[in-house]
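K.L.:
A structural model of the following input is requested.
(chains A and B)
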Amino acid sequence: MSSMPGGRARTTDEDLELTPDPSLPPTAVDDAVREAEEKKWTPTKIAIWAAIALLGGVAWFMLAIIRGETVNAIWFVFASVCTYLIGYRFYSKVIERYITRPNDRRATPAEYKADGKDYVRTDRNVLFGHHFAAIAGAGPLVGPVIAAQMGYLPGTIWIIIGVVLAGAVQDYLVLFFSMRRGGRSLGQMAREELGVLGGTAALIATLLIMVIIVAILALVVVNALGESPWGVFSVGMTIPIALFMGVYLRFIRPGKVLEVSLIGFVLLMAAIIGGGIVAETEWGAAFFHLDKVTIAWGLIVYGFIAAILPVWLLLAPRDYLSTFMKIGVIVMLALAIIVVRPEITVPAFSEFASRENGPVFPGALFPFLFVTIACGALSGFHALISSGTTPKLIEKERQTRLIGYGGMLMESFVAIMALVAAISIDRGLYFAMNSPAAVTGGTVETAATWVNSLGLAGVNLTPELLSQTAVNVGEESIVSRTGGAPTLAVGLAHIMQQFIGGTAMMAFWYHFAIMFEALFILTAVDAGTRVARFMLQDSIGNFVPKFKEHSWRPGAWLCTAVMVGAWGAVLLMGVTDPLGGINTLFPLFGIANQLLAAIALSVCMAIAAKRGSFKYLWIVALPLAFAAVVTITASFHKIFSPVPAVGYFANNAAFSRALADGKAEFGTAKTVAAMEAVVRNTMIQGWLSVIFVVLSIIVIITALIATVKAFRNEAAGVAHQDHEDPPVASRGYAPAGLVPTPAERELMAEWNKLPAESRLEESAHH
Amino acid sequence: MSTLVEGFRGFARYLGGVMGADAYRKYLEHHAASGHRAQPMTEREFWRDRTDRQDSNPQGRCC
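P.N.:
As a prediction, this is how the structure comes out:
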């Protein structure tokens, strides 16, 4: 590792400071041996990679070029998996070699800060699952469904190529840099690397973005549960189930996590089946039939209580349940798609791909497709996870590639599966479900007439199909069930019933899907509120020190109320929005998430530049430039577009003018009150866009300044200020990837020969 | 049959690891390895401490 094109040979410098224990075997595979192993291309290896490349190429060819009448879902699986494998094997290695430059001789925080609680060395494969469960939630299940309006190809390309070149790069770099800093958070790293201005802007942006993300996730749940007694009952039952699990874990059998999760899972299934029975009864249908505003208020009250209750009672058990379901659902979905292999009739590019007035979300393909699909391709929110729990659990530096880069590839695969599930249903049905009630009229007849009037090729929707599907999934109506979750649930039910159970089981599968999406989202809402509350408390604490005391009840309650109030207001705005809610707010969700990604990538670029990786800085600059261009363009569209459907202020002006002209109804707003609501909402949404984009531009500029400064310092030979923790020599070994290489096996065997006592980490302080 | 049982055990162990069910075992290992004189926390105390610390140290969950 002596010659480092593009960077200086820092690893060697570090090695000088790291004196390994002579009584222990080497703590890293010899660099020369590893290099030789990587460069050696045996015929088998060549054959395997040629086959992967060929299969991937054929799959892309089938999706992008052939595009027959129908395309089989299995090609989506092959195209994505083969591209991920190639990206992981080749591109992430480039990042490892030239940007991160991990050094296994160095101890990770889990080793030198080991405390048996927060800093614990964790097996790489277990940590992979743990990290994946923390990053993946409802996001990758919702965005691709909404983006399917444009046809399948734009979304597929963005999800697969985006993750390889952008999303996984961000996750990997943030994880690695945070690990080198003892697991510091993104906000702390931004402050260190970008200075007070950049750091403060990043902090405020993160806080606001969290509010928006929580609000819109909550909106997805409200839309899925509105006027659905079955859904309300079964999702509502998750609260007593979680409370029971919490009490069980605290008082009855502490620590029996798997056991209680299994019990919880069985109860959950009972709640889904029970929901069907309750919704059949007259009292059940009446009692659990709630309108969206009521559910939204319920969620707000619940959010506040959940955030101030002790973690053990509600949050921790629901988190276990959510993780348990997550793994199960994803395995099940993958199996179902591979076994059933549905034929897709959706065109590669739909009629809306070249227009900007789509009913599901407004705006042109560029940039709005790229903000609609955030999670699964590039998700800034992940930077908060990658700089939180995970870096404190990593065993060896080289494992960050598997966990950071590989974990994100896995989430991307979830997004592809969600896309496949959504496009496997009838296209007419898709538009009837995902267009706001303001245009579909809300009944099966008006919705069918409206969808058929769109002039979509091959679409002939009958009211009977709409009512029959509603009956099959056990709902009163599926017209204008926006938000993506119900569409995914119908798609999943459609695929799963071919796999297990037939039409009779469709209602169960539908509510199963709604249940797990709601579960993921509610977990994210609780955790998001709590995290945001602490961020707010710490920020206020800079002025009023008392707020920094986390146990100070009035401060905690006040900050919780502020955060819940903020997302609650946005949620209510979305629920009551005469224009539809999801279609106006979802772009804001995507923009917020991508702007957070731009912030995270800015910090990574500044750090990479300070480490002297100039020649390969494009690896970070490329996704940063793309995220910045997409989100800033999208924000500008939302702020300055003269088209009312796209621009918030243009819409605001149009409705204000109509009000001034004394009109009693305008567009989809049928009353004066509704028109006033539109004026109010568009003003708030417009200003939120302005604030986001200004904050992000500040962060990006401060990062560019830091990068240029690093470049100048390098040229002038001035040493950089390094914020990494001082290197400590490692005293353990573990392989880097999923499958150990021969050299890694050899080294593992050497370590296994050691007596158990000398293998344990004595370096841990105390 | 025994390979099936073994495979199932392995899967359960993995799932438990992902969900953090083995946290107490790891704490005990750490406690023994780092040469503490004091008694380690009991299982009940450990889990109480763990969730109580999460109260003021929330872990983010992503969308």
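
K.L.:
To which secondary structure element is residue 51 assigned?
P.N.:
No chain was given, so I picked chain A. helix A:43-60 (DSSP states H and E).

K.L.:
meant chain B, my bad for not saying
P.N.:
helix B:43-55.

K.L.:
if you skip the residues just before and after it, what's nearest to residue A:570?
P.N.:
residue A:215 (3.6 Å; C-beta to C-beta, 6 or more residues apart in numbering or on different chains). No exception for glycine: its C-beta is placed from N, CA and C like everyone else's.

K.L.:
any idea which element the one you found lies in?
P.N.:
Going by DSSP H and E, residue A:215 is part of helix A:186-225.

K.L.:
Please spell out which residues along that helix are buried.
P.N.:
Buried residues in helix A:186-225, counted by 16 or more other C-beta atoms under 10 Å in any protein chain shown: A:186-194, A:198-225.

K.L.:
Over to stretch A:744-754?
P.N.:
A:744, A:747, A:748, A:751.

K.L.:
what's near enough to touch the spatially most central residue of chain B?
P.N.:
Closest to where the C-alpha atoms of chain B average out (C-alpha atoms, centre = their mean) is residue B:23, at 1.2 Å. Applying C-beta atoms under 8 Å, 6 or more residues apart in numbering or on different chains to residue B:23 gives the contacts A:117, A:120, A:255, B:46, B:50.

K.L.:
now, which of the residues you listed sits nearest residue A:681?
P.N.:
residue B:50 (42.7 Å; C-beta to C-beta).

K.L.:
Could you count how many residues lie near the closest residue to residue A:461 other than its chain neighbours?
P.N.:
Sequence neighbours aside, residue A:428 is the residue nearest to residue A:461 in space, at 3.1 Å (criterion: C-beta to C-beta, 6+ apart). Residues near residue A:428, counting by other C-beta atoms under 10 Å in any protein chain shown, number 21.

K.L.:
now do residue A:127
P.N.:
Count around residue A:127 with other C-beta under 10 Å applied: 24.

K.L.:
what's the distance between it and chain B?
P.N.:
Relative to chain B, residue A:127 is positioned 8 Å away (C-beta to the nearest C-beta, to the nearest Å).

K.L.:
Please verify my assumption that that residue contacts residue A:403.
P.N.:
Yes: Residue A:127 lies in contact with residue A:403 (C-beta atoms under 8 Å); the separation is 5.6 Å.

K.L.:
what sits in contact with each of the two?
P.N.:
With C-beta under 8 Å, 6+ apart as the test, residue A:127 and residue A:403 both reach A:390, A:394.

K.L.:
For the helix or strand where residue A:677 lies, name the packing helices and strands.
P.N.:
In this structure, residue A:677 sits in helix A:672-716 according to DSSP H and E. Counting contacts by 3 or more C-beta pairs under 8 Å, 6 or more residues apart in numbering or on different chains; DSSP states H and E, helix A:672-716 packs against helix A:186-225, helix A:553-576, helix A:582-610, helix A:618-640, helix A:648-660.

K.L.:
Of the buried residues of stretch A:744-754, just say which sits nearest to chain B.
P.N.:
residue A:751 (15.1 Å; C-beta to the nearest C-beta).

K.L.:
Setting aside sequence neighbours, what's the nearest residue to that closest one?
P.N.:
Closest residue to residue A:751 apart from its sequence neighbours, by C-beta to C-beta, 6+ apart: residue A:733 at 5.1 Å.

K.L.:
Thank you kindly, that will do.
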